[in-house]
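Participant: Predicted coordinates and the sequence they were generated for:
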Amino acid sequence: MAAPGGAVSCEDFAEFQEFLRVMRTIDDRIVHELNTTIPTASFVGKIDASQTCKELHQSLMDAHTSRERIIKNCIAQTSSVVKTLREEREKAQDDAALLKQLRKEQTKLKLMQSELNVEEVVNDRSWKVLS
């Protein structure tokens, strides 16, 4: 299972979350993947289970690395936006729209940071099943 192509937008948190959900499909289906990877007695000679397991392991590693990179990239982008908005807020203290935008971006940043925790749980679960 390959990760979906294309870049993820960090602007819209719902889109970001949906992108991660799709990318986590390999983790959600890990038990199924293992069941289809390990041959039954009648297929033992026809399928190289060792090679197939190695490929599944590599796919899982690639997916985890890719998701972590995407999450950290979005956190960095959003942190930069928050920093810029804070600097603007220092100059225009009574700008309510700016304050609202800053709060919105800070909330999005916290949600993205929490995705790192979700990612850790998802990854741990998959590795426990695979080992």
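Facilitator: Done, it's in.
Participant: Cys10: neighbour count?
Facilitator: Using other C-beta atoms under 10 Å, Cys10 has 20 other residues around it. For every residue, glycine as well, the C-beta is placed using N, CA and C.
Participant: Glu115 versus the closest residue to it other than its chain neighbours, what's the distance?
Facilitator: Leaving aside its chain neighbours, Cys10 sits nearest to Cys74 (3.8 Å; criterion: C-beta to C-beta, 6 or more residues apart in numbering). Distance, Cys74 to Glu115, by C-beta to C-beta, to the nearest Å: 8 Å.
Participant: Find residues that contact each of these two.
Facilitator: Phe16 (C-beta atoms under 8 Å, 6 or more residues apart in numbering).
Participant: low-confidence ranges in this structure?
Facilitator: By pLDDT under 70, the low-scoring segments of the chain are 1-6, 39-49.
Participant: what's near enough to touch the one residue sitting closest to the centre of it?
Facilitator: Residue closest to the mean C-alpha point of the chain, counted by C-alpha atoms, centre = their mean, is Arg67 at 3.6 Å. Taking C-beta under 8 Å, 6+ apart, we find Arg67 in contact with Ala3, Leu20, Met23, Arg24, Glu119.
Participant: Those residues: which two are farthest apart?
Facilitator: The span of the contacts of Arg67, defined through C-beta to C-beta, is set by Ala3 and Glu119 at 13.5 Å.
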